[in-house]
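Student: Have a look; sequence and predicted model below, questions after that.
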Amino acid sequence: MIHELSMLLMAFSPCFSRVAAFQWFVIIIFGMIVRLDFHGVTSFIRWLALDPDHYETLLSFYRASSWRLPEIVRCWLGIVQEKVPLIRINGFLLMGADGIKTAKEAERMPAVKSLHQESDNSAKAPFILGHHFGVLGLMAGTMKNMFCVPVMAEIHEGVEQLRAFQGKKPPVVNGKENVTIVTLMLSMVADTVRHLAQPCMLVLDAYFAVGPTFQIARDCLSVTGEQLLHVITRAKSNVTGYEGAPQLVDQEKRGKGRPPFWGEKVILWDQFSLRANEFQSITLRLYGKETAISYLCLDLLWKPIREKVRFVLIKDGGERYILMCSHLDWSPADIIFAYSCRFKIEVTFKRLKHLLGSFCYHFWTNSMPKLKKKASIDLTSISDQCQQRRIAKTANAIEGFVNFGCIALGILQILALNNPQSIWAKYTGWVRTKRSEIPSEETVRSVVQENFYHNFCDFRNTAIFRIISPKQRKCLHLYSKDAA
């Protein structure tokens, strides 16, 4: 397992133009896995016992020009495709995407703004200052033991001018620039799907049940003109559809003017009572248990895209909800099951936040105007190119830190899927209820930490040891040479 971890990290070496930069990348990813606190970059120095003189060098790495995040993300995508069994339904790769908001009150940190967060959790404040990240993941594993492997993350709110500083192109919808949270998310997904060059089904929550979501997915085409990206999303409660207009062959009966395009209006929520006798019953395995539900499937025209969408009305006990799917050939059972996998990205958020501390960063720059409470920062007034570059580098450092956390979590998931027996054999902790033969990311992390802190000799034949050892404090470096 340790050697596989080392090989996974070595696969990123072509993404760096300097050996030193690649070595710091390995230290950061491994440090995220084994550290025992989340106090930013200083935790890597502390828990890897690095020489404190390397602190400034470690900070400089995040702003270095020797690596580019898009290249690292593309390399990571290739590793995920090669190393884990990806979930496919009807030949489509299953993907999940959502946003996560993290509190940041730094006065000179790019993209910090007032954010509204809706939640039933009373511990969450309705408004916070912070960052809003869009995260994309690929479903991997088996239908019984599934992970959402995070492949990339990007800041998606209050970044229109910041993206111009970073050299990122704005999203385009129907030939016009349109920078919103929805378009930024779907553009990020579409770029990833084009790189994968495989048909994908993206599962989203009701926030993304708007026209641009389906329009960007419709425009994501292969070189042969085939649509690569389709979308399943939960519909809003006030969604309406339209029957197709009846085709009138006789010109005299049709009358003058353009033939009608829209037919009868259908208020979807009313169909739960109006067509109650048309619902079909089915039993599906949802959220880990067999669930009896009833559904009604309707293919209707949807005004935002002027095309047909498959609507699936679902009764699950006392709960009622509606799903939308852009692919008209998918069965209602497959649509319902695919949407039930969406919660896996919420589990991924929990792991990124609480297990690896992927959002515990504090990068800032004096070139950034000072943030004032209840006010937004206008970057259009900054014309100095040096200031713009410094702000862009700080934003790149923030996104780099979060994406490195995604890679660290994905590596733990790969190890869990490929080495379940050896991990359980080396696990020295105690689990009250062993729910699965596939260990969790926390279990894998515990085994790696145990080997690193209490049996470091297992690492002496790995590239990780050869990279970390020279950068450790002198007394520890001499001890490790004696032990080897």
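Tutor: Received it, and whenever you're ready, just let me know what you need.
Student: show me where the stretch 1-150 of the chain has helices.
Tutor: Here the stretch 1-150 of the chain has its helices, by DSSP state H, counting those that start in this stretch, at 2-10, 19-34, 42-47, 55-62, 69-83.
Student: Most tightly packed of those?
Tutor: Counting by mean count of other CB atoms under 10 Å, helix 19-34 has the highest mean neighbour count of the helices of the stretch 1-150 of the chain, with a mean of 20. Yep, even glycine has a C-beta here, placed from its N, CA and C like the rest.
Student: And the contacts of that helix?
Tutor: Residues from elsewhere that reach helix 19-34 (CB atoms under 8 Å, 6 or more residues apart in numbering): 5, 9, 12-13, 15-16, 43-44, 47-48, 50, 57-58, 61, 64, 66-67, 356-358, 404-405, 407-408, 411-412, 445, 448-449, 452-453, 463-464, 467-468, 471.
Student: one step back: closest one to Asp299 among the helices of the stretch 1-150 of the chain?
Tutor: Relative to Asp299, the nearest member of the helices of the stretch 1-150 of the chain by CB to CB is helix 69-83, separated by 33.0 Å.
Student: Tell me how far the closest one lies from the chain's centre.
Tutor: Averaged C-alpha coordinates place helix 69-83 at 14 Å from its chain's average position (CA atoms, centre = their mean, to the nearest Å).
Student: So for that helix, mean pLDDT?
Tutor: With pLDDT averaged residue by residue, helix 69-83 scores 95.
Student: that older thread, among the contacts of helix 19-34, which are in strands?
Tutor: Among those, DSSP state E puts none in strands.
Student: Look up phi and psi at the residue lying closest to Leu59 once chain neighbours are set aside.
Tutor: Nearest non-adjacent residue to Leu59, counting by CB to CB, 6 or more residues apart in numbering: Val41, 6.0 Å away. Torsion angles at Val41 (phi, psi; degrees, to the nearest 10) stand at phi -70, psi -30.
Student: please renumber so the chain begins at 316
Tutor: From this message on, residue numbering opens at 316, which makes the last subject Val356.
Student: can you tell me which of the helices of the stretch 316-465 of the chain comes nearest to Leu611?
Tutor: helix 384-398 (36.8 Å).
Student: Export the closest one to CSV, keeping only CA atoms.
Tutor: Only the C-alpha atoms of helix 384-398 are listed here, as CSV (Å, rounded to 0.1, in the frame of the first residue of the first chain):
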residue,chain,number,x,y,z
LEU,A,384,-3.1,23.8,-11.9
PRO,A,385,-5.0,22.8,-15.1
GLU,A,386,-2.1,20.4,-16.1
ILE,A,387,-2.1,18.8,-12.6
VAL,A,388,-5.9,18.4,-12.8
ARG,A,389,-5.7,16.7,-16.2
CYS,A,390,-3.0,14.4,-14.9
TRP,A,391,-5.2,13.6,-11.9
LEU,A,392,-8.1,12.8,-14.2
GLY,A,393,-6.0,10.3,-16.1
ILE,A,394,-4.9,8.6,-12.8
VAL,A,395,-8.5,8.3,-11.6
GLN,A,396,-9.6,6.8,-14.9
GLU,A,397,-6.7,4.3,-14.8
LYS,A,398,-6.7,3.3,-11.1
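Student: what angle sits between that helix and helix 334-349?
Tutor: With axes from the mean of the first three to the mean of the last three CA atoms, to 10 degrees as the basis, helix 384-398 and helix 334-349 are set at 60 degrees to each other.
Student: just to revisit the earlier point, please pick the buried ones from the contacts of helix 334-349.
Tutor: In those, burial by neighbour count holds for 320, 324, 327, 330-331, 358-359, 362-363, 365, 373, 376, 379, 382, 671-673, 719-720, 722-723, 726-727, 760, 763, 767, 778-779, 782-783, 786, counting by 16 or more other CB atoms under 10 Å.
Student: Rebuild the helices of the stretch 316-465 of the chain as TSV, extending it with distance to Asn436.
Tutor: Shown next, in TSV, are the helices of the stretch 316-465 of the chain (distance: least, CB to CB, whole Å):
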stretch	distance to Asn436
helix 317-325	35
helix 334-349	26
helix 357-362	27
helix 370-377	32
helix 384-398	31
